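S.K.: Sharing a sequence plus its predicted fold:
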Amino acid sequence: MIKNISNLGDAALYCDFGDDVNKSTNSRVIKYFYNIKDQKFEGINNLTPSYNKLIISFDLKITNFNKVKKFIENLNVEDAKITNSKKIEIPVCCHENFSLDINRLEKILNLSKQKIFMNFFDKEYFCYMTGFIAGMPFLGDLDENMRAQRLETPRVKVPKGSVGLTEQFANIYTFESPGGWNILGNTPVDVFDSLKEDSPNLINAGDTVVFKEITLDQYRNFNE
Amino acid sequence: MSKNYFNIIRPGVNSTFQDKGRDHLYHIGIPFSGAMDNRNFLIANKLVNNNLNSAVIEFAYQGPHMKYFGKKINLAISGDVIFSIKKKDNEIQGNCYQSYKIESGDEINIISTNKSVYGYLAIGGDLDIKYQWNSCSINTKANIGANDGKKFKEGQKIYLKKINSNQDIKKINYVNTKIENIRVIKGTNFNYFSEDGKKLFYDSEFTISKLSDRMGMRLEGSKIENIVNTNIKSEGLIKGVIQVPADGNPIIMLSDHGTVGGYPKIGVVASVDYDRLVQMSPGSKIKFKEINLSDAETLFKLYEMETKNLLSQI
């Protein structure tokens, strides 16, 4: 199921699951991820699943590339547990205070505002991975006519809760951060909470997400 | 109950609590963090009879100026650091790599690191600070760790939970060495770059930019030409990865790096050179040298043995 394993530096394995970015490739990545996590192989200190790759990093004081590679090659992932993925509803307000890039998107996509919002809310998204900043979910896939490139010049500060689009993916800025995604709205929900050490992420790889439009009043009252 | 604490008169530029960092969290977007220069972190703790993974104060360039109130304690500084200790009747210039006895009313003033970036202040005892995922390490980007994940502020206090009973003065002779070249292993997108680009990567000198911090080190100099694609699908990163974005200027991922990235990876810094890499200050020159995996593993083993040796001498 892994197309190729190589080394990323001297303390990580680079597992390539193929060039195609789709749900089936990603599901294989996630299956490996949970399976390896459960095995607690000595020395492995991090696993980073992404669309079509899995990076396995390890403590070079304890193990090395060849040992970890052998372990991965001998894994029987067919027996792997399939995780209980959740379906999560995320409220989003698209008031002009929040939809920072809607005018830009109208031009690039050549669609009306109404049509863009309709397309965006009328869809179920699959969480391919989380990361870049803590808890940020990478959600796909947007329809072909909703795909836009990143901003030419990224914003220095994207507000916390911003919901953005780039290419085939939507994401949520879990806290204020620099970033170049096209911002469509904002959610009052805390998608990442570092105080919940057992499950800081509301959305995890493999989960399904739907966005629900809320008004500015509903947004303001959300946390009261 | 009598409290033992430091009052921060001046916080310094980027002073944080650090230990060895937190693992098993890349998949949710949280990097390792932890002390940038691991060897100096360990030495500082050993000099004050701490557990080797105890929390220390890491500072960059200018460190904190603090005044102590409470029962006698030990402290020590590692790195290449200029500092002074002010007692009731005199002020002395401190030496790195030795512990000092500090009494109530004494001040420690960490003036600056010398031709390096990071220094470590270890306090003999347990600090009363918050741990998240078994680590106190402050990640200022995600506001995780002690001190609500924020760097030190003027006027704040650092409390101790416990003071070490063993307060023997310890010392070691150690000089931080500089290395000529930073050794790198070929990255997974090495072939994205033109023949000239690859040649420039190894042959030319880069300058470390001022835009460098605990997240990454930006380099300036020859532009590395990409002939395949300046973006890849976002995928996992580890510390030491050298990414080259469209502008051709390499960026090295450091301990607080974003956990995924979408720029091609030309190389990865060998683990053996990481402690010394992070100590190179903005404006200094850096050159890369290619190394293979098995040599990198062997050199790391030797480096680890050397670290263990140093610690056993304390």
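M.R.: Here it is on my side, so go on. Residues are numbered from 1 along each chain as shown, chains lettered A, B, ... in the order given.
S.K.: Tell me where the model's unsure across chain A.
M.R.: A:78-84 (pLDDT under 70).
S.K.: Which residue ranges make up the domains of the chain?
M.R.: Going with chain A. Annotated domains of chain A cover A:4-73, A:87-220 [automatic domain parsing].
S.K.: Sorry, I should have been clearer: chain B.
M.R.: With domains defined by automatic domain parsing, chain B comprises B:5-163, B:182-312.
S.K.: Chain A: which of those domains is closest?
M.R.: For the domains of chain B, the distance to chain A is smallest for domain B:182-312, at 2.9 Å, taking C-beta to the nearest C-beta. C-beta: built from backbone N, CA, C; applies to glycine.
S.K.: mean confidence for the closest one?
M.R.: In this model, domain B:182-312 has a mean pLDDT of 95.
S.K.: Any residue of that domain touching chain A?
M.R.: Yes - Domain B:182-312 is in contact with chain A by C-beta under 8 Å from any C-beta of the partner chain, via B:185, B:187-188, B:233-238, B:240-241, B:258-261, B:265, B:268-271, B:293, B:296-297, B:300, B:304.
S.K.: pretty sure residue B:115 is touching residue B:80, no?
M.R.: Yes - contact criterion C-beta atoms under 8 Å: residue B:115 and residue B:80 qualify, at 6.3 Å.
S.K.: Same drill for these two, tell me which one is more crowded.
M.R.: Counted by other C-beta atoms under 10 Å in any protein chain shown, residue B:115 and residue B:80 do not tie: residue B:80 has more neighbours, with 18 against 12.
S.K.: Could you pull out the strands in chain A for me?
M.R.: A:4-7, A:12-16, A:44-49, A:53-58, A:87-93, A:124-130, A:137-140, A:155-158, A:162-166, A:169-172, A:177-179, A:182-186, A:208-214 (DSSP state E).
S.K.: just how off-centre is the shortest one within its chain?
M.R.: Put plainly, it is strand A:177-179. Taking C-alpha atoms, centre = their mean, to the nearest Å, one finds the center of strand A:177-179 at 15 Å from the center of the full chain.
S.K.: That strand close to chain B?
M.R.: Yes - contact of strand A:177-179 with chain B (C-beta under 8 Å from any C-beta) involves residue A:177.
S.K.: Partner strands of that strand and their direction?
M.R.: If you go by DSSP bridges, strand A:177-179 pairs up with strand A:155-158 (antiparallel).
S.K.: Now tell me what touches the partner strand from outside.
M.R.: A:164, A:173, A:176-181, A:183 (C-beta atoms under 8 Å, 6 or more residues apart in numbering or on different chains).
S.K.: now with 6 Å?
M.R.: A:173, A:176-179 (C-beta atoms under 6 Å, 6 or more residues apart in numbering or on different chains).
S.K.: of all those residues, which comes closest to chain B?
M.R.: Taking C-beta to the nearest C-beta as the measure, chain B lies nearest residue A:177 of the contacts of strand A:155-158, at 7.4 Å.
S.K.: so how many other residues sit close to that closest one?
M.R.: Residues lying near residue A:177 (other C-beta under 10 Å) number 21.
S.K.: Show me the beta-bridge partners of the residue nearest to residue B:107 when sequence neighbours are not counted.
M.R.: Leaving aside its sequence neighbours, residue B:107 sits nearest to residue B:86 (C-beta to C-beta, 6 or more residues apart in numbering or on different chains; 4.2 Å). With DSSP bridges as the criterion, residue B:86 is bridged to residue B:91, residue B:107.
S.K.: Okay, buried residues for the longest helix belonging to chain A please.
M.R.: In chain A, with assignment by DSSP state H, the single longest helix is helix A:23-39. Neighbour-count burial for helix A:23-39 flags A:25-36 (criterion: 16 or more other C-beta atoms under 10 Å in any protein chain shown).
S.K.: which outside residues touch it?
M.R.: For helix A:23-39, using C-beta under 6 Å, 6+ apart, the contacting residues are A:1, A:17-18, A:47, A:49, A:51-52, A:54, A:77, A:80, A:83, A:126, A:128, A:205-206.
S.K.: So which of those would count as near chain B as well?
M.R.: Near chain B, judged by C-beta under 6 Å from any C-beta of the partner chain, the entries from those are A:47, A:51.
S.K.: Of the contacts of helix A:23-39, which is the most crowded?
M.R.: Result: residue A:49 is most packed of the contacts of helix A:23-39 (other C-beta under 10 Å), 32 neighbours.
S.K.: End to end on stretch B:283-299, go ahead and measure it.
M.R.: Here the two ends of stretch B:283-299 are set 27 Å apart, with distance taken as C-alpha to C-alpha, to the nearest Å.
S.K.: now swap in stretch B:93-101 and tell me
M.R.: First-to-last distance for stretch B:93-101 - C-alpha to C-alpha - comes to 14 Å.
S.K.: got a list of contacts for it?
M.R.: The contact list for stretch B:93-101, computed with C-beta under 6 Å, 6+ apart, reads B:47-48, B:74-78, B:81, B:83-85, B:169-172, B:174.
S.K.: Please check those and keep the buried ones.
M.R.: By 16+ other C-beta under 10 Å, the contacts of stretch B:93-101 give B:47-48, B:74-78, B:81, B:83, B:85, B:170, B:172 as buried.
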